[in-house]
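Participant: sequence and predicted structure, then a few things I'm wondering about:
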Amino acid sequence: MLALQQIEDDLTGDDVTAAELAETLREFHSEADPQDGVLGKLAQLFTRCAQTADRLNEDGDGDTSAPLNDAAELLTEGVALRLYWATRVLDPQGEAE
């Protein structure tokens, strides 16, 4: 949580450039390797939680794991895609770095 607070504090300065903001956003999602970055790691964690929930849920009906799998999918396909679009607008050449 401290790291997120530090990022937020860093972004409040008047000297932040578009390229720097794009680079910060790329830490959350990497188009080249979607499992790399904060969102990819969170999605993996939610998937692992879903697997554990299935194991713990004796009914095996997926009532617990389905929302967790949905959350993982939303992170990797919804949120990550929007971050990618934002970084492309902020710094079109930065993705090649």
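Facilitator: Structure's in. What do you need?
Participant: if I look at Ala18, how far off is Glu73?
Facilitator: 30 Å (CB to CB, to the nearest Å). Glycine gets a C-beta too; all of them are placed from N, C-alpha and C.
Participant: what do you get for Pro34?
Facilitator: For Pro34 relative to Glu73 (CB to CB), the value is 12 Å.
Participant: tell me where the model's unsure across the chain.
Facilitator: For the chain, residues meeting the criterion pLDDT under 70 lie at 60, 95-97.
Participant: next secondary structure after the top helix by length along the chain?
Facilitator: For the chain, the longest helix by residue count, based on DSSP state H, is helix 38-56. Toward the C-terminus, helix 38-56 is succeeded by helix 65-73 as the next helix or strand (DSSP states H and E).
Participant: buried sites along that next one?
Facilitator: Ser65, Leu68, Asn69, Ala71, Ala72 (16 or more other CB atoms under 10 Å).
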